[in-house]
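Engineer: here is the input, now give the coordinates:
(one chain, ligands or ions: 1)
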Amino acid sequence: MISSTFAGVSESEDSAPGPQGTGDEAHRGQAARRPDEQKAWTVAHVLQWTVARFTQLGLDGPRTDAEYLLAHALKCARVDLYVRFDMVVGAEERARFRELVRRRLAREPVAYIEGTRGFHALDLELAVDKRVLVPRPETELLVDWVLERLTVLDVEASADDPDAPPATRPQTEGTILDVGTGSGAIALSIKRARPGLRVVASDVSVDALAVARGNAERAELDVEFHSADVYAGVPDVGGWSVIVSNPPYIDTDVLAGLAPEVRDWEPSLALDGGADGLDVVRRLVAEARDRLTPGGFLALEIGFDQSERVVALMTAAGLTNVQTRNDHDGHVRMVMGDAPS
Ligand SMILES: C[S@@+](CC[C@H](N)C(=O)[O-])C[C@H]1O[C@@H](n2cnc3c(N)ncnc32)[C@H](O)[C@@H]1O
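Structural biologist: As a prediction, this is how the structure comes out:
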């Protein structure tokens, strides 16, 4: 049974891991703690209390969030908690954890609290804060699709020996533009997978570009960054082999109804796609054919109800072989179209 006074102790008592000043003030000063209670704040107990508090608040993944935050406070991997359930959490660590819980109770996303988010199988650890969107799993699928297409292009280019194993095939040279790079997730993953490509990333937000540049530096990846409004401000490279983007695509009037983690914390510039969500998508698609090299392709992440409209836009803009892909939940969330050869 979890003590109801868990979060009710004053800062000076410091014998409980629960947050202070997060709605539990009413309990402060109640019930003096028995000396043996202090011993009870094991990893298991701390988690139990936190999960109960997060559940009470209606957080989506209370257990996962609690584990990530406690692991962060204890400076260990999340999986290590499972072999430390009986370990007593020390006062300093509890104080650190209380602060993390307080932030989560204010609905700050776990990724911002931790300050990093792992992205893609390529093990990119990206710094993230409220200047950039937290990279999402569906965007990893977009990166996968782009990399798959590039491998197909390698095979096609290896006319001498199309059956050669991928590792021995020459990698197609080319130029890739990631529009609206945010944390740099897409551009950096592609550069890590395909170091031979020239990768350019742009964003209209100078704040986002500062985060992305920092991520590139830490990952030691040579990506060029430009401040640009869609295509206005990106360098002329004589045609892009690939243009990829996860643009803002949420309808303006939907924003207010989003989860507080998104609505109140993530940059609206990263989310707001205008009245029908397609303001930036339309601009990306309209000029894609002229900006791609013949045979190059445009790959976009889109909202779950936008595929028909985006396929129609791409087709009308002269792109061919327009295809879609689903996310992990079975929603059509990606569209790709080729510039005619
Ligand atoms: C949905 S976020 C994607 C961030 C990152 N690419 C990712 O997938 O995690 C969209 C990004 O597009 C940027 N953006 C919004 N409008 C833009 C515009 N007109 N031109 C260029 N970038 C824009 C935002 O600042 C934001 O970083």
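Engineer: tell me the first helix or strand C-terminal of the helix or strand encompassing Val242.
Structural biologist: Using DSSP states H and E, Val242 falls within strand 240-245. Going down the chain from strand 240-245, the next helix or strand is helix 252-255, by DSSP H and E.
Engineer: close to the ligand, is that following helix?
Structural biologist: No. With C-beta under 6 Å from any ligand atom as the measure, helix 252-255 is seen stopping short of the ligand, the closest distance being 12.6 Å. (Glycine included, C-beta is placed from N, CA and C.)
Engineer: ok, and what's touching that helix?
Structural biologist: With C-beta atoms under 8 Å, 6 or more residues apart in numbering as the test, helix 252-255 has contacts from 263, 268, 271-275, 277.
Engineer: show me what contacts Lys124?
Structural biologist: If you look again at residue 124, you'll see it is Leu, not Lys. Leu124 makes contacts with 118, 185, 188-189, 192, 215, 219, as judged by C-beta under 8 Å, 6+ apart.
Engineer: with Glu125 instead?
Structural biologist: Counting by C-beta under 8 Å, 6+ apart, Glu125 touches 116-119, 218-219.
Engineer: ok, which stretches of this structure are helices?
Structural biologist: 35-38, 43-57, 62-74, 91-105, 110-114, 137-157, 185-193, 206-219, 252-255, 260-263, 268-271, 279-286, 288-291, 307-316 (DSSP state H).
Engineer: pick the most buried one from those helices.
Structural biologist: For the helices of the chain, the largest average neighbour count (mean count of other C-beta atoms under 10 Å) is found in helix 185-193, namely a mean of 25.
Engineer: out of the contacts of Leu124, which is nearest to the ligand?
Structural biologist: Ala185 (4.3 Å; C-beta to the nearest ligand atom).
Engineer: from what I see, the closest one and Thr116 are in contact.
Structural biologist: No. At 11.9 Å, Ala185 does not count as touching Thr116 under the criterion of C-beta atoms under 8 Å.
Engineer: hmm, back to that, in CSV: the helices of the chain, plus mean pLDDT.
Structural biologist: Formatted as CSV, these follow (pLDDT from 0 to 100):
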stretch, mean pLDDT
helix 35-38, 49
helix 43-57, 96
helix 62-74, 97
helix 91-105, 97
helix 110-114, 97
helix 137-157, 89
helix 185-193, 97
helix 206-219, 98
helix 252-255, 98
helix 260-263, 97
helix 268-271, 98
helix 279-286, 98
helix 288-291, 98
helix 307-316, 98
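Engineer: reformat those helices into a markdown table and put distance to Glu301 next to each item.
Structural biologist: Listed next are these as a markdown table, based on distance: least, C-beta to C-beta, whole Å:
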| stretch | distance to Glu301 |
| --- | --- |
| helix 35-38 | 49 |
| helix 43-57 | 29 |
| helix 62-74 | 24 |
| helix 91-105 | 27 |
| helix 110-114 | 18 |
| helix 137-157 | 5 |
| helix 185-193 | 9 |
| helix 206-219 | 16 |
| helix 252-255 | 16 |
| helix 260-263 | 15 |
| helix 268-271 | 12 |
| helix 279-286 | 10 |
| helix 288-291 | 15 |
| helix 307-316 | 10 |
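Engineer: what's the closest of those to Gly239?
Structural biologist: Among the helices of the chain, helix 288-291 comes nearest to Gly239, with 7.0 Å by C-beta to C-beta.
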